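*Asks:* next come a sequence and a model predicted from it.
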Amino acid sequence: CHYPVAVPKGQPMTWAHRLADFRKLTGVLAQHVRPTLFLHGHIHQPWSFHPDRGPLMHVTHINAGSPTMVKPSHPHGQGFWQIDLPDDPAATVGLVHHVPDDHTGQWVAQHVQ
């Protein structure tokens with residue numbers, strides 16, 4: 001999805017861009033209680049988080065960011081996400097954020113889960 005349905009604490013979000021069917025989508029996500037990945041973009045900053053409370057606690061929200069955008073926090077670009085789905089559905093999904101190293105330009109893997 002392009003727009004997020006939740007953002008981490010402290011992350012600004014202009015709700016004027018909210019999805020037209022926001023309530024329906026969050027209702028469907030809330031009813032599905034198994035671990036869920038919600039992949040989105042729109043906000044130009046990569047992140048991965050779980051809400052610490054509420055009906056979407058089982059949803060991992062992954063924001064792709066803008067892979068080529070340069071910012072002080074990502075001087076060589078924001079990188080990309082790797083999602084490793086395990087063969088065993090009960091196992092944890094692997095999340096790795098690959099970003100270019102500030103000094104060498106080589107890719108660095110930041111394991112999230």
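*Replies:* Arrived safely, thanks for sending.

*Asks:* got the phi and psi for the residue nearest the centre of the chain?
*Replies:* Nearest to the mean C-alpha position of the chain, counting by CA atoms, centre = their mean, stands I62 at 1.3 Å. Main-chain dihedrals, I62, degrees, to the nearest 10: phi -120, psi 120.

*Asks:* how many residues are close by Q11?
*Replies:* 13 (other CB atoms under 10 Å). Yep, even glycine has a C-beta here, placed from its N, CA and C like the rest.

*Asks:* what pLDDT does it get?
*Replies:* As predicted, Q11 sits at a pLDDT of 79.

*Asks:* identify, by residue count, the longest strand of this protein.
*Replies:* Criterion DSSP state E: the longest strand present in the chain is strand 94-100.

*Asks:* what helices or strands is the helix or strand following that strand leaning on?
*Replies:* Next helix or strand after strand 94-100 toward the C-terminus (DSSP states H and E): strand 107-111. In this structure, strand 107-111 makes packing contacts with strand 94-100, judged by 3 or more CB pairs under 8 Å, 6 or more residues apart in numbering; DSSP states H and E.
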